[in-house]
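Q: Sequence unavailable; structure follows:
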């Protein structure tokens, strides 16, 4: 028997990558064609963004809790959310949730520590790069970090919301990320957090000048381990 994973999804591309990672990597641990039971629920990205644009994190938390309640009724044992941005509402959700959660930043920091990294470049939406989640949790876990400069943050955010969440993956966007990552490597970063769940769709370890911390797959693998524990 394995645990039942509940996925509180937000954007389709990132949630799909998380789901596929669980299903693609489970057979090596469970046997051919096997993976844990997985249920997913998502309110539309548009509903989430209406709250995010207003800075209404209570509203974001309400949507996350709505999904968590539906997933609890579906029989899930624990929850994950493959979206870094809405983790800003996590503390508003966790105490009221019917099920326990894995936190995407905690899991990413744990992998960074296991790989011996010290100073992390953090990429993601502007809400992630300018927010408080990574900025609180990384120092608490013993890491230094940098975020891209203001011009880079604006362009990265544009690429995410105008292209990646819509399944548009352009070589120009990949080249821009590579340029930003290389510059941050020059500022002493020894790894880069792909802190939006769509970024791994255009950047990976082979195309980055820094080792990558793929938050989407890290969370999926943590969920797989918990389900099999």
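A: That came through fine. Since the structure is predicted, the reported quantities are computational estimates derived from the model, not experimental observations.

Q: Which parts of this protein are helices?
A: Ranges of helices in the chain, per DSSP state H, are 12-25, 27-30, 45-53, 57-73, 90-94, 104-114, 126-129, 133-140, 150-162, 171-186, 215-228.

Q: how far does stretch 114-133 sit from the chain's center?
A: 11 Å (C-alpha atoms, centre = their mean, to the nearest Å).

Q: likewise stretch 176-196?
A: Relative to its parent chain, stretch 176-196 has a centroid offset of 17 Å by C-alpha atoms, centre = their mean.

Q: Return the residues in contact with residue 100.
A: By C-beta atoms under 8 Å, 6 or more residues apart in numbering, the contact set of residue 100 is 78-79. Any C-beta I mention is one placed from the backbone N, CA and C, and that applies to glycine too.

Q: mind checking how far it is from residue 25?
A: 22 Å (C-beta to C-beta, to the nearest Å).

Q: follow-up on the earlier one: how about the helices of the chain in TSV, adding mean neighbour count, distance to residue 82 and mean pLDDT?
A: Listed next are the helices of the chain as TSV, based on neighbours: other C-beta atoms under 10 Å; distance: least, C-beta to C-beta, whole Å; pLDDT from 0 to 100:
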stretch	mean neighbour count	distance to residue 82	mean pLDDT
helix 12-25	19	4	97
helix 27-30	13	20	97
helix 45-53	16	13	97
helix 57-73	19	12	98
helix 90-94	17	13	96
helix 104-114	19	7	98
helix 126-129	22	13	97
helix 133-140	17	14	97
helix 150-162	17	14	98
helix 171-186	16	19	98
helix 215-228	22	6	98
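
Q: could you redo the ones you listed as JSON lines and give each row distance to residue 192?
A: Listed next are these as JSON lines, based on distance: least, C-beta to C-beta, whole Å:
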{"stretch": "helix 12-25", "distance to residue 192": "17"}
{"stretch": "helix 27-30", "distance to residue 192": "26"}
{"stretch": "helix 45-53", "distance to residue 192": "24"}
{"stretch": "helix 57-73", "distance to residue 192": "26"}
{"stretch": "helix 90-94", "distance to residue 192": "22"}
{"stretch": "helix 104-114", "distance to residue 192": "10"}
{"stretch": "helix 126-129", "distance to residue 192": "12"}
{"stretch": "helix 133-140", "distance to residue 192": "12"}
{"stretch": "helix 150-162", "distance to residue 192": "12"}
{"stretch": "helix 171-186", "distance to residue 192": "5"}
{"stretch": "helix 215-228", "distance to residue 192": "11"}
